[in-house]
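Chemist: I would like the atomic coordinates for the input below:
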Amino acid sequence: MMRTAAGKEKGISSFQRGLTLWVLLCMGLGAALGHFLPALPRVLGYMQIDGISLPIALLIWVMIYPMMIKVDFQSIRQAGRNGKGLLVTWITNWLIKPFTMYLIAAFFLFHLFSGLIPPDLARQYLAGAVLLGAAPCTAMVFVWSTLTQGNPAYTVVQVATNDLIILIAFVPIVKFLLGVSRVAVPYDILFLSIFLFVVIPLAGGVLTRYLVIKHRGRDYLENVFVHKFDSTATAGLLLTLVIIFSSQADIILSNPLHILLIAIPLIIQTFLIFLTAYGASFLLKLPFSIAAPAGMIGASNFFELSVAAAAALFGASSPAALATTVGVLTEVPVMLTLVKIANRTKGWFPHES
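Modeler: All right, here's what the predicted structure looks like:
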């Protein structure tokens, strides 16, 4: 079996298990800072280029770069061995997930919750949900795959091909769905977001892997080097939330119920997508080590990209950015629940040959 960084993950730390608590605390801290120190978000708001916040851009790179180091693109040549599993992943992620996210979010925000959320806010929240739906996970799936004893080589191929598909599919899907929801989105900003938050860290990760392997060897990379950044991505995420929620203070304090209302369709969508891919894997009689990560990658979101795109498109203080950060809040507890469901149904699937 091919050796990968994914295969070396030991699981999820106690700090990561408590990520939901840390996310809540940072959301609260950010809102408090924005309310009691309103000059802070104003100053941060000036630090931008072409509508992209420089502090948030820096923190997004801090989050994504360590994850990209784990992606071994040489593993793409192994894709043919698990062709059915990859087809399940690709079809679920790109032909189903974005559109079910739009439909579910639109139903809840514009119909079921129409008496609680004004139409203008609902449209912005829908935009944030669409950005989440169009960005399936490219990194945290390593953790979920490890917790279900997923095939590490297959998981890396998932991540590698997903990164490549995002470069092609993210922009037209978001443009189409946001156009349907009457939100005007210029292509140049979306492409800039992809370039800044996918292409640059991805290229940096590939270059880093090459240099470290060349000078220190693959064992050092996978056993030592990648673990030097274990807490970096989480720290970047939490600091990003503080900045975003400091600029969202007025919206949050005036509409605390909206956080819960946004979370409901996001959670339903997560379970639906997992069951879709996991169920398709069951019908295709795929081994559990393929079926579990196939379900996890679609259910989980590339929320770093979603948050970055929302901040770039609509501003860090926009309701759309708030909706994407609610996705961060629900991510860990929901995914850990899905891990438990998968592990308890492991016996339904054949063992990998």
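Chemist: So which residue of the protein lies furthest out from the middle?
Modeler: The centre of the chain is farthest from one residue, residue 215, which by C-alpha atoms, centre = their mean lies 31.9 Å away.
Chemist: and stretch 129-149, how far apart are its ends?
Modeler: This stretch, stretch 129-149, spans 30 Å end to end (C-alpha to C-alpha, to the nearest Å).
Chemist: Just the buried residues of stretch 128-139, please?
Modeler: Of all the residues in stretch 128-139, those buried under the rule 16 or more other C-beta atoms under 10 Å are 128, 129, 130, 131, 132, 133, 134, 135, 136, 137, 138, 139. Bear in mind the C-beta positions are built from the backbone N, C-alpha and C, glycine included.
Chemist: so the fourth one touches residue 309, yeah?
Modeler: Spelled out, it's residue 131. Yes: using C-beta atoms under 8 Å, residue 131 is in contact with residue 309, at 5.2 Å.
Chemist: now the residue farthest from the centre of the chain: how far from residue 207?
Modeler: As for residue 215, its distance to residue 207 is 12 Å (criterion: C-beta to C-beta, to the nearest Å).
Chemist: go on, residue 284?
Modeler: Applying C-beta to C-beta to residue 284 and residue 207 gives a distance of 37 Å.
Chemist: And residue 229, by the same measure?
Modeler: Plainly put, residue 229 is 15 Å away from residue 207 if you go by C-beta to C-beta.
Chemist: Looking at the two now, which is surrounded by more residues?
Modeler: Residue environment comparison for residue 229 versus residue 207 gives the larger neighbour count to residue 229, 17 against 12, counting by other C-beta atoms under 10 Å.
Chemist: pLDDT at the residue most central in space within the chain, what is it?
Modeler: With the centre of the chain defined as its mean C-alpha position, the nearest residue by C-alpha atoms, centre = their mean is residue 302, 1.8 Å away. Predicted confidence (pLDDT) for residue 302: 79.
Chemist: Excluding residues flanking it in the chain, which one is nearest it?
Modeler: Nearest non-adjacent residue to residue 302, counting by C-beta to C-beta, 6 or more residues apart in numbering: residue 135, 3.9 Å away.
Chemist: do residue 56 as well
Modeler: Leaving aside its chain neighbours, residue 56 sits nearest to residue 311 (5.5 Å; criterion: C-beta to C-beta, 6+ apart).
Chemist: Can I get the helix or strand where residue 146 lies in CSV, CA atoms only?
Modeler: Assigning secondary structure by DSSP states H and E places residue 146 in helix 141-147. This file holds the C-alpha atoms of helix 141-147, laid out as CSV (Å, rounded to 0.1, in the frame of the first residue of the first chain):
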residue,chain,number,x,y,z
VAL,A,141,-11.3,14.6,4.9
PHE,A,142,-7.9,13.2,5.9
VAL,A,143,-9.1,13.3,9.5
TRP,A,144,-12.5,11.8,8.8
SER,A,145,-11.0,9.1,6.6
THR,A,146,-8.5,8.2,9.4
LEU,A,147,-11.3,7.9,12.0
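Chemist: From the chain's centroid, how far away is it?
Modeler: Relative to its chain's centre, helix 141-147 lies at 14 Å (C-alpha atoms, centre = their mean, to the nearest Å).
Chemist: Check stretch 294-304 too.
Modeler: Once both centres are worked out by C-alpha atoms, centre = their mean, stretch 294-304 turns out to sit 6 Å from its chain's centre.
Chemist: Would you list the phi and psi of residue 136?
Modeler: phi -70, psi 160 (degrees, to the nearest 10).
Chemist: All the helices of the stretch 151-300 of the chain, residue numbers only.
Modeler: Using DSSP state H, counting those that start in this stretch, the helices of the stretch 151-300 of the chain run over residues 152-180, 187-194, 200-216, 218-220, 232-247, 249-254, 256-283, 288-299.
Chemist: Report the rounded mean pLDDT for the second one.
Modeler: To tie it back to what came earlier, the one meant is helix 187-194. Over the span of helix 187-194, the pLDDT mean works out to 69.
Chemist: In contact with residue 136, which residues?
Modeler: Residues near residue 136 by C-beta atoms under 8 Å, 6 or more residues apart in numbering: 93, 94, 97, 162, 297, 298, 300, 301, 302.
Chemist: repeat that with 7 Å
Modeler: Contact criterion C-beta atoms under 7 Å, 6 or more residues apart in numbering gives 93, 97, 162, 297, 298, 301, 302 as the residues in contact with residue 136.
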